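K.L.:
no sequence on this one, just coordinates:
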């Protein structure tokens, strides 16, 4: 019986017959098949007939239909359904599917379905059905398909079940032996913030960027751990980057052009897998796992899927992560049960509904329950800060960073005639735009104070439990941010240092203190690294594209297999990829501000120089557009390669709205010498040969697993 609302329950006698038949029916070619009864159609629309479709009018049920398909070696799927010929909509006959409807409220009826309407309709004695619109369903019969067509039905209002043969999924191989390099399994904590840059200081680009707002991080992670200087994200936007963090796979292998997922173009389902995502794999390695905060942007779906698959043992995470004062939390427990908790707005647990405070306290509560367990623990903590709307905690509103402003960097509000079209056309930012950027800068740093408190609390709690010296704490962000650089307002999504370069810090046993590491690394390397530290290099699944940083992250006090070879052969370049998720403008989201702040700025956050603009047009000129574009499906799909070695420090970018990147589809390119041009204002592509860079980028863009650098 399926868990789906459209469940199909087989007759017990049929099950016995089919099971007895299976060794005979499916023996041809030594192929072992099994049945899947799924919500789907195999005979709808133009797919109702043809050389690969046969009918069996004598069959009186889906069970009989399946038995007939089982006996036919060429049959791939079957359906017990009828066709409805509707002649009322136009002069041509339109074919729809009439399918068996198994819901309890009309168990003997058929279900008529199209994209706009669905209903139960009575079946008459001749097993045909009267259909709306003047059409009529033909008598119900068995359809057999001899090809692999199967149309998945997404609506839960009508069941449309069909049965297909498929190869049974073989059981996974046993996990490799656990051989942690430290000789024991340490505890591991991973803190991942949202939209946190490491570029924008109070006055200019700075060494720490927004980390300057976090004194506890500087003391407990930077001074007492290692900070990476050249750590990048593969995709500078939330959902793809997070999927890359948690799966160790590049964008082109979890999203376009390989596949098109439903969360900013990527498929997040591997994140919840027991053998494909960080959480499930840590459970396989013997860890207690706890999840607190934002995981991916399809938060409700990914937490439910992880709960169903039991890949996250304990979950205590906000569902409405965009609401800093939200009250809905997804709860999942070690015994597999899960539900949605609603906390009180007026008398909440931990005295405030403020999200960062909630997840900090909830994670500490869990820590105290697992600390004395024989099993090691893995805690994931995902504050939404400093993402829009960047609402500070009530006690930090209006009284922190009051003198802070968005930095007037040399590339702030600068015209960019040699950049991609939507940036090139952006008009000069007005004083109103700058006023809101200043407020957003203060908001962002103020929200990070609450993240800093989580770090302080965790370090103190671990120390009090005598666990600090056996615990790793990793810290990073899903991408960076900019505030008016190149006339692009409050956003990410671009291949520049503000957006792709993010913090990465770690402290723990075997980690040198006060060290800055310069290896070119990125978010896809995080999961392989944690898995090697937790269970050994052999525990890293071969499906992953990233590589473990353990050979140069852990110092010489720890024995690492093939340390010298793996360190010597480490990459000096990193691929970055982005397909536009839409066309958006400077006012694409709200920004927290004190009451009546629009009066201070002379208006609300502007979409363009005129303020609110009804119709934005992406101009082909320079600086003459009517809106501030921050993303564009027309001109912001790109791939890039970041190279840092003894002789080069460059970023090379190619733009292609089709995301195919062949010789005819690439519309423009950019090349920056980041050492000589830190603010990326001088495009060198017209004065420099880029053939070798293109070839290197193209190869990286198509890599998979161990073929990736």
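P.N.:
Nice, I can see it. All values derive from a computational prediction rather than experimental measurement. Numbering: from 1, shown residues only.
K.L.:
burial check on the closest residue in space to residue 187 that isn't next to it in sequence, number of neighbours?
P.N.:
Take residue 187 and drop its neighbours on the chain: the residue closest to it by CB to CB, 6 or more residues apart in numbering is residue 471, 4.1 Å away. The C-beta positions use only the backbone N, C-alpha and C, and glycine is treated the same way. Using other CB atoms under 10 Å, residue 471 has 22 other residues around it.
K.L.:
report the central residue of this protein.
P.N.:
For the chain, residue 239 is the residue whose C-alpha lies nearest the centre (CA atoms, centre = their mean; 3.2 Å).
K.L.:
please verify my assumption that residue 552 contacts residue 569.
P.N.:
No. The pair residue 552 / residue 569 is not scored as a contact, 11.4 Å apart, by CB atoms under 8 Å.
K.L.:
which element is residue 227 on?
P.N.:
Element membership of residue 227, judged by DSSP states H and E, is strand 226-228.
K.L.:
what packs against that strand?
P.N.:
Helices and strands touching strand 226-228, by 3 or more CB pairs under 8 Å, 6 or more residues apart in numbering; DSSP states H and E, are strand 504-507, strand 515-517.
K.L.:
strand partners of the longest one, parallel vs antiparallel please.
P.N.:
Same thing as strand 504-507. Partner strands and pairing direction for strand 504-507 (DSSP bridges) are strand 226-228 (antiparallel), strand 471-477 (antiparallel).
K.L.:
and those strands as CSV, adding mean pLDDT?
P.N.:
Formatted as CSV, those follow (pLDDT from 0 to 100):
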stretch, mean pLDDT
strand 226-228, 98
strand 471-477, 98
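K.L.:
one step back: other residues contacting the strand holding residue 227?
P.N.:
221, 503-507, 511-513, 515-519, 521, 553 (CB atoms under 8 Å, 6 or more residues apart in numbering).
K.L.:
biggest separation within the residues you listed, which pair?
P.N.:
513 and 521 (19.3 Å; CB to CB).
K.L.:
who has more neighbours out of those two?
P.N.:
Comparing residue 513 with residue 521 by other CB under 10 Å, the one with more neighbours is residue 521, at 24 against 11.
K.L.:
just to check, that one is in contact with residue 504?
P.N.:
Yes. Using CB under 8 Å, residue 521 makes contact with residue 504 at a distance of 7.4 Å.
K.L.:
what residues are up against the spatially closest residue to residue 56 that is not a sequence neighbour?
P.N.:
Using CB to CB, 6+ apart and skipping residues adjacent in sequence, the residue nearest residue 56 is residue 142, 3.9 Å away. Contacts for residue 142 (CB under 8 Å, 6+ apart) come out as 55-59, 62, 64-65, 68, 78-80.
K.L.:
how about 10 Å then?
P.N.:
Residue 142 makes contact with 54-62, 64-69, 78-81 under the criterion CB atoms under 10 Å, 6 or more residues apart in numbering.
K.L.:
quick check: residue 279 vs residue 497, distance?
P.N.:
According to CB to CB, to the nearest Å, residue 279 stands 31 Å off from residue 497.
K.L.:
again with residue 705
P.N.:
From residue 705 across to residue 497, the span is 28 Å (CB to CB).
K.L.:
so what does the lengthiest helix in the chain touch, helix or strand wise?
P.N.:
Assignment by DSSP state H gives helix 431-464 as the longest helix of the chain. Counting contacts by 3 or more CB pairs under 10 Å, 6 or more residues apart in numbering; DSSP states H and E, helix 431-464 packs against strand 187-193, helix 215-217, helix 355-370, strand 377-382, strand 471-477, strand 482-483, strand 490-491, helix 597-601.
K.L.:
ok and the fourth one relative to helix 355-370, angle-wise?
P.N.:
When you say that, I think you mean strand 377-382. Comparing the axes of strand 377-382 and helix 355-370 via axes from the mean of the first three to the mean of the last three CA atoms, to 10 degrees yields an angle of 170 degrees.
K.L.:
ok and strand 377-382 relative to helix 431-464, angle-wise?
P.N.:
Between strand 377-382 and helix 431-464, the angle comes out at 160 degrees (the same axes, to 10 degrees).
K.L.:
do the fifth one as well
P.N.:
On the basis of the same axes, to 10 degrees, strand 471-477 is oriented at 170 degrees to helix 431-464.
K.L.:
got the buried residues for strand 471-477?
P.N.:
In terms of neighbour count (16 or more other CB atoms under 10 Å), strand 471-477 has its buried residues at 471-477.
K.L.:
and that strand, how far out from the chain middle?
P.N.:
Using CA atoms, centre = their mean, to the nearest Å, the mean C-alpha position of strand 471-477 is found 19 Å from that of the whole chain.
K.L.:
host element of the closest residue to residue 562 other than its chain neighbours?
P.N.:
Closest residue to residue 562 apart from its sequence neighbours, by CB to CB, 6+ apart: residue 551 at 7.5 Å. Per DSSP H and E, residue 551 falls inside helix 550-553.
K.L.:
hang on, residue 695 in a strand?
P.N.:
No. Counting by DSSP: H, G, I helix; E, B strand; the rest coil, residue 695 falls outside a strand, being helix.
K.L.:
count of neighbours near it?
P.N.:
When neighbours are counted by other CB under 10 Å, residue 695 registers 10.
K.L.:
now swap in residue 234 and tell me
P.N.:
As a burial measure, residue 234 scores 27 neighbours (other CB under 10 Å).
K.L.:
for the one 10 residues further on, same thing?
P.N.:
The burial count assigned to residue 244 is 30, neighbours taken as other CB under 10 Å.
K.L.:
can you check the one 4 residues further on too?
P.N.:
The local packing of residue 248 (other CB under 10 Å) involves 30 other residues.
K.L.:
and it, how far from residue 708?
P.N.:
For residue 248 relative to residue 708 (CB to CB), the value is 10 Å.
K.L.:
pull up the overlap in contacts between those two.
P.N.:
Common contacts of residue 248 and residue 708, defined by CB under 10 Å, 6+ apart, comprise 524, 544-547.
K.L.:
how near is the nearest residue to residue 441 once chain neighbours are set aside to residue 494?
P.N.:
Spatial nearest neighbour of residue 441, chain neighbours left out: residue 406 (4.4 Å); criterion: CB to CB, 6+ apart. From residue 406 across to residue 494, the span is 17 Å (CB to CB).
K.L.:
of those two, who's got more company?
P.N.:
Counted by other CB under 10 Å, residue 406 and residue 494 do not tie: residue 494 has more neighbours, with 30 against 24.
K.L.:
wasn't the more buried one part of a strand?
P.N.:
No. In this structure, residue 494 is coil, not part of a strand, as judged by three-state DSSP.
K.L.:
okay, it: pLDDT?
P.N.:
At residue 494, the pLDDT value in this model is 98.
K.L.:
how close does it sit to residue 387?
P.N.:
Using CB to CB, we find residue 494 at a distance of 17 Å from residue 387.
K.L.:
quick one on the thing from earlier: distance to residue 445 added to the helices and strands packed on helix 431-464, as JSON lines?
P.N.:
Shown next, in JSON lines, are these (distance: least, CB to CB, whole Å):
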{"stretch": "strand 187-193", "distance to residue 445": "12"}
{"stretch": "helix 215-217", "distance to residue 445": "12"}
{"stretch": "helix 355-370", "distance to residue 445": "14"}
{"stretch": "strand 377-382", "distance to residue 445": "19"}
{"stretch": "strand 471-477", "distance to residue 445": "14"}
{"stretch": "strand 482-483", "distance to residue 445": "12"}
{"stretch": "strand 490-491", "distance to residue 445": "14"}
{"stretch": "helix 597-601", "distance to residue 445": "17"}
